[in-house]
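S.K.: have a look; sequence and predicted model below, questions after that.
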There are 2 protein chains.
Amino acid sequence: MSKSTPKPRRNPVETRERLVGAAVRLMLRQGYAATSVDDICAEAGVTKGSFFHHFESKETLGRAAVEWWGAFGTALYAEAWKDEGLDPLDQIRRFFGIMIGFTEREDEVCTCMVGMMSQELSQTHPAIREECARQLDLWTSNCANMLAAAKARHAPEADFDPEAVAWYLNSLWQGSMLVGKTENRPDIIRSNLRLALAWVEGLLTQTRNPKSEIRNPKSEPET
Amino acid sequence: MSKSTPKPRRNPVETRERLVGAAVRLMLRQGYAATSVDDICAEAGVTKGSFFHHFESKETLGRAAVEWWGAFGTALYAEAWKDEGLDPLDQIRRFFGIMIGFTEREDEVCTCMVGMMSQELSQTHPAIREECARQLDLWTSNCANMLAAAKARHAPEADFDPEAVAWYLNSLWQGSMLVGKTENRPDIIRSNLRLALAWVEGLLTQTRNPKSEIRNPKSEPET
DNA sequence: AATATGATACCAACCAGTCTGTATGTCAAA
DNA sequence: TTTGACATACAGACTGGTTGGTATCATATT
């Protein structure tokens, strides 16, 4: 126990983490462009030389910040699907519970790094846009898997496409955080999530779609 | 007819419009912070002296740009409710049709000034956040009115709160544009809108909610 | 003449990124 | 175990360019 890392002056791993953490904190509040490299260095307690030793550019750090947020989210959601044997519908319920919990943190605005960075940068910083897209893909495929499993178990006859529903829920979640932040009303987010969960539960108790003039359209991905 | 404004060199109204238009075009692409006053002046073909004659600051112009976008949107949606006698459910269908149309414009990214500005600035520029909130309020109350009218006419017994559903749809719309832009897949937006319309139609053909364990929660606005 | 517009030059602060130098840790040879 | 060469990690002054905003002056419209 004499060798328990006695606070070395140099700690490249920690320095990197501090920079990424500072970037997440500042950019989550101010956005990307309004956050200067100097701001980040000051927040992290690190100098500029160090910054550019670890990251080749501000954009590179931006990407790393989005990645960090993705890992953070994945860890949060993991609670929902950690139990192997759990009924997928209950997993979905937990999934919604986690999101609702995220709106209930004190003194923390309910917002998403991926949504913020993509909204601000998707048309000018392709590398960051791609990283954001990767994170959305991840969320959606996890969600679609739960939906597909729940459908197989509870309503194999139901007429919905798990992936389309997953994109729908992802969009609703992102938009809810945006609206909640704009209106300063996290209760809207919770209300939206409850309506969406009820809808999903409805989809999964449907044995045969009763009368749907409107059909679920085939998706048409372009380029 | 001799006095039909023979192209005066000075035209404060037009100058103002050119500046607002330039700001909308540039900020819609690059965001607020990344768009400089010089950029805007160049795009508008106007000099800086003129800029600061018409707007006291960049932030003031930002607000004006959000207002402009709101008016632009209102004009678009007006198509849905211009016919006095139209069945409110058909108004809603038109409403969705207008949004779908908005995703189908060629060479134009489907995005929203209000969502962009609010996402980037809501925590640092209160005045702009408030203007964005005003625009969302407008959209939502128009939408809620249609829903309430449709409910009164088609399903007075139905168990849903028009305002909550309107916020839900607003969130879905905003989030869909965000996700569609991130993924470069406008088809996701359309798919989401179709699912949402089907859901709304379902709500309105509901005579008595069949079995709803999950109830529509009372909203709890804070501060 | 008075005022509303617009043009131009200019400013101090700030920007991302570079450069040069120094401190620290590592590892192999002695 | 000591030494010393070397790569990594960090410090901070500096640079060329840009930022939002101002001061001043010119001209058009009333």
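M.R.: Structure received. Numbering: from 1, shown residues only, chains lettered A, B, ... in the order given.
S.K.: any idea how many residues pack against the nearest residue to A:Ala150 once chain neighbours are set aside?
M.R.: Closest residue in space to A:Ala150, ignoring its immediate chain neighbours: A:Pro88 at 4.0 Å, by C-beta to C-beta, 6 or more residues apart in numbering or on different chains. Bear in mind the C-beta positions are built from the backbone N, C-alpha and C, glycine included. Using other C-beta atoms under 10 Å in any protein chain shown, A:Pro88 is surrounded by 20 other residues.
S.K.: try A:Pro126
M.R.: A:Pro126 has 10 nearby residues by other C-beta under 10 Å.
S.K.: dump the residue contacts of it.
M.R.: Residues near A:Pro126 by C-beta atoms under 8 Å, 6 or more residues apart in numbering or on different chains: none.
S.K.: show me which residues of the longest helix belonging to chain A are buried.
M.R.: Counting by DSSP state H, the longest helix found in chain A is helix A:126-154. Buried residues in helix A:126-154, counted by 16 or more other C-beta atoms under 10 Å in any protein chain shown: A:128-133, A:135-136, A:139-140, A:142-151, A:154.
S.K.: picking that back up, verify the contact between the residue nearest to A:Ala150 and A:Cys143 for me.
M.R.: No: using C-beta atoms under 8 Å, A:Pro88 is not in contact with A:Cys143; the gap is 11.0 Å.
S.K.: got any residues that touch both of these two?
M.R.: With C-beta under 8 Å, 6+ apart as the test, A:Pro88 and A:Cys143 reach no residue in common.
S.K.: what's the neighbour count on the residue of chain A found nearest chain B?
M.R.: Closest approach of chain A to chain B (C-beta to the nearest C-beta) occurs at A:Gly175, with a separation of 2.4 Å. For A:Gly175, the neighbour count with other C-beta under 10 Å is 28.
S.K.: what is the orientation angle of the helix or strand hosting it with helix A:126-154?
M.R.: Remark: A:Gly175 resides in helix A:162-183, with elements defined by DSSP states H and E. Inter-element angle recorded for helix A:162-183 and helix A:126-154: 120 degrees (by axes from the mean of the first three to the mean of the last three C-alpha atoms, to 10 degrees).
S.K.: strands along chain A, start to end?
M.R.: Using DSSP state E, no strands are assigned anywhere in chain A.
S.K.: get me the contact residues on chain A for DNA strand C.
M.R.: A:8-10, A:35-39, A:48-49, A:52, A:57-59 (C-beta under 7 Å from any atom of the strand).
S.K.: tally of neighbours for the nearest residue to A:Thr140 once chain neighbours are set aside?
M.R.: The shortest distance from A:Thr140 to any non-neighbouring residue, by C-beta to C-beta, 6+ apart, is to A:Ala166 (4.5 Å). The tally of other residues near A:Ala166 (other C-beta under 10 Å) stands at 20.
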